[in-house]
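Student: here is a sequence with its predicted model. Questions after.
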Amino acid sequence: MTDDCQPSRELASAYLDNELSVSESLAVEKHLRQCADCAREVAALAALSAKVKQQAHYYGAKTALVDRVRSATAPAPAMGYASQAQRRNFFSGWLPAGGAALMVLLLAGAALWYFAGKNAETELAKAILSSHIRSTLSQQPFDVASADRHTVKPWFHGKLNFAPPVIDLSAQGFDLQGGRLDFVDGRTVPVIVFGRRKHVINLFVWPNPGQANRAPSQSNANGYNLVQWQLDGMRLWVISDLAAGELVEFTRQFTSQLIRESPNS
Amino acid sequence: MNQDDKDKRFQEAALPHLSAAHNLARWLVHDDHDAEDIVQDAYLRAFRFFAGFRGGDCRAWLLTIVRNRCYSWLRTKNATGNVGEFDEAQYSAGVEDSSGAAGINSTDPEVLLTRLDDAARLNAAIASLPEEFREAIILRELEDMSYKQIAAIAGVPIGTVMSRIARGRKMLLQRLQCAEQKIK
């Protein structure tokens, strides 16, 4: 190991996580091309990171916990005392009645203030966000569950007046999980559901003829990432809790596959 | 807007992150039952203080509360003197069939690591990391969070997150390599 190796070793992890500035990244890359030892070290770190993503146990919330929390934060009657029996000791006496009433007023006022400010956000993004959240809350986020596009695509036949693009991206690391119909912006919209590790990606698509193609643009709402674009007379939105970079990658892969499969090209 | 709407808003914003909350708590406290209690407690707090949440990253906000609850729970448990930083019984329970009598009661994580299959060995190695490294690795790898988000959750500068993730990964690599060499 030479003196040149030191900075690269320190930055290797951040380099793999895309957390370095462009100039730092370039410096690390330049060094990795020249130093086989460091390149090996970075490869080992990358393999470890992939292994952790795949094999580390993910302790998701059990249905019972979801129910407990849901009823503990349920609309007013259940909130105070109805579900007391389900709570653990240390929650008893959590809220005296007067405090509860005051809290209701405070929260309602603040919620009004908070959500009024959100009006600037487009109705469409909101509708898509709601649909995504509904789907993650339900046990079954799709009406047809299949990893086979030849099962998912025909399922939409007769339910829509167009054929939505159902594309297999499993080779790119995005697994087809199924599809469903949702109601967004006053129309029935097909939603194609993909998965990446534990993350659900919902793709919304509908015909929007006469509009010029638009490059994908990325935004963030309530901690979810959204990407929207227009391609060949279709409007497309994807939403996920996946990292923004990976969702943009999905968009790129989906678009290039779509163009490849398009009958016009 | 009435109270029911507010409750619904909270549920729509917060419930989808329950799994992330439970996963973090479970990795920090090593116990299903305790993790569930902590998550419920954290969610009730979040519900109370939802008014103070000014929009933005709801998941990071919730995980901050969950994390803080975990640490105060761990402090209390430490103070009462029955804490296990690394619960050997838990990770050796599943391998009793394949291992002989010798070493079953070993408290040496390295000995223990040699007795597990690949995935179990990885999970045990992560569980054996000191908390600050463990939480950074879990948030980074399992929740895909950026260094900035992790820094906000852990209440430390981004540079600290960077070095914790780098050191955490190195420790993991060393522990896994060590275990593999012993098997051979």
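Tutor: That came in fine, so what should we check first?
Student: what's the longest helix in chain B?
Tutor: When chain B is scanned for its longest helix (criterion: DSSP state H), the result is helix B:158-183.
Student: and that helix, what does it pack onto?
Tutor: helix A:5-16, helix A:36-55, helix B:109-113, helix B:118-127, helix B:131-137, helix B:147-154 (3 or more CB pairs under 8 Å, 6 or more residues apart in numbering or on different chains; DSSP states H and E). C-beta: built from backbone N, CA, C; applies to glycine.
Student: so for that helix, mean pLDDT?
Tutor: For helix B:158-183, the mean per-residue pLDDT is 91.
Student: report the buried residues of it.
Tutor: Buried residues in helix B:158-183, counted by 16 or more other CB atoms under 10 Å in any protein chain shown: B:160-173, B:175-176, B:179.
Student: sorry, back to before: which one of the helices and strands packed on helix B:158-183 lies closest to B:R59?
Tutor: helix B:147-154 (8.2 Å; CB to CB).
Student: what angle sits between that closest one and helix A:5-16?
Tutor: 80 degrees (axes from the mean of the first three to the mean of the last three CA atoms, to 10 degrees).
Student: and helix B:147-154, what's buried?
Tutor: Of the residues in helix B:147-154, B:Y147, B:Q149, B:I150, B:A151, B:A152, B:I153, B:A154 count as buried by neighbour count, 16+ other CB under 10 Å.
Student: which among those gets closest to A:L236?
Tutor: Checking the buried residues of helix B:147-154 one by one against A:L236 (CB to CB), the nearest turns out to be B:Q149, at 26.7 Å.
Student: tally of neighbours for residue 122?
Tutor: Just going to use chain A. Residues near A:T122, counting by other CB atoms under 10 Å in any protein chain shown, number 13.
Student: meant chain B actually
Tutor: B:L122: 23 neighbours (other CB under 10 Å).
Student: residues contacting it?
Tutor: B:L122 sits next to A:K51, A:V52, A:Q55, A:A56, B:L172, B:L176 when contact means CB atoms under 8 Å, 6 or more residues apart in numbering or on different chains.
Student: how confident was the prediction at the closest residue to chain A within chain B?
Tutor: Closest approach between chain B and chain A, counting by CB to the nearest CB: B:A51, at 3.3 Å. Here the pLDDT value assigned to B:A51 is 74.
Student: gap between it and B:K6?
Tutor: 9 Å (CB to CB, to the nearest Å).
Student: more crowded one of the two?
Tutor: Counted by other CB under 10 Å, B:A51 and B:K6 do not tie: B:K6 has more neighbours, with 24 against 19.
Student: touching, the more buried one and A:L106? I think so.
Tutor: No. B:K6 sits out of contact with A:L106 when judged by CB atoms under 8 Å, with a separation of 10.3 Å.
Student: just want the angle from the longest helix of chain B to helix A:5-16.
Tutor: 100 degrees.
Student: quick one, domains of chain A?
Tutor: A:5-55, A:63-118, A:121-261 (automatic domain parsing).
Student: what would these look like in TSV with mean pLDDT and distance to B:R67?
Tutor: Formatted as TSV, the domains of chain A follow (pLDDT from 0 to 100; distance: least, CB to CB, whole Å):
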stretch	mean pLDDT	distance to B:R67
domain A:5-55	92	19
domain A:63-118	59	17
domain A:121-261	86	16
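Student: quick check: the residue nearest to A:A12 when sequence neighbours are not counted vs A:S49, distance?
Tutor: Closest residue in space to A:A12, ignoring its immediate chain neighbours: A:V42 at 5.0 Å, by CB to CB, 6 or more residues apart in numbering or on different chains. Going from A:V42 to A:S49 by CB to CB gives 10 Å.
Student: which of those two has more neighbours?
Tutor: A:V42 (22 against 19).
Student: and the more buried one, how far from B:L139?
Tutor: As judged by CB to CB, A:V42 and B:L139 stand 22 Å apart.
Student: which SSE is the residue positioned nearest the centre of chain B in?
Tutor: The centre of chain B sits closest to B:W27, judged by CA atoms, centre = their mean, with a distance of 2.6 Å. In the assignment (DSSP states H and E), B:W27 maps to helix B:18-29.
Student: for my notes, confirm A:F183 occurs in a strand.
Tutor: Yes. Judged by DSSP: H, G, I helix; E, B strand; the rest coil, A:F183 forms part of a strand.
Student: contacting residues for it?
Tutor: If a contact means CB under 8 Å, 6+ apart, then A:F183 has A:V189 as its contacts.
Student: what pairs with it across the strands?
Tutor: Applying DSSP bridges to A:F183 yields these beta-bridge partners: A:T188.
Student: the helix holding B:W27 - contacts with which helices or strands?
Tutor: With contacts defined as 3+ CB pairs under 8 Å, 6+ apart, helix B:18-29 has these neighbours: helix A:63-72, helix B:32-48, helix B:58-79, helix B:131-137.
Student: going by neighbour count, which residues of stretch A:139-148 are buried?
Tutor: Buried residues in stretch A:139-148, counted by 16+ other CB under 10 Å: A:P141, A:F142, A:D143, A:V144, A:S146.
Student: need the contact list for the nearest residue to B:D144 once chain neighbours are set aside.
Tutor: Leaving aside its sequence neighbours, B:D144 sits nearest to A:A243 (CB to CB, 6+ apart; 4.1 Å). By CB under 8 Å, 6+ apart, A:A243 lies in contact with A:N225, B:D144, B:M145, B:S146.
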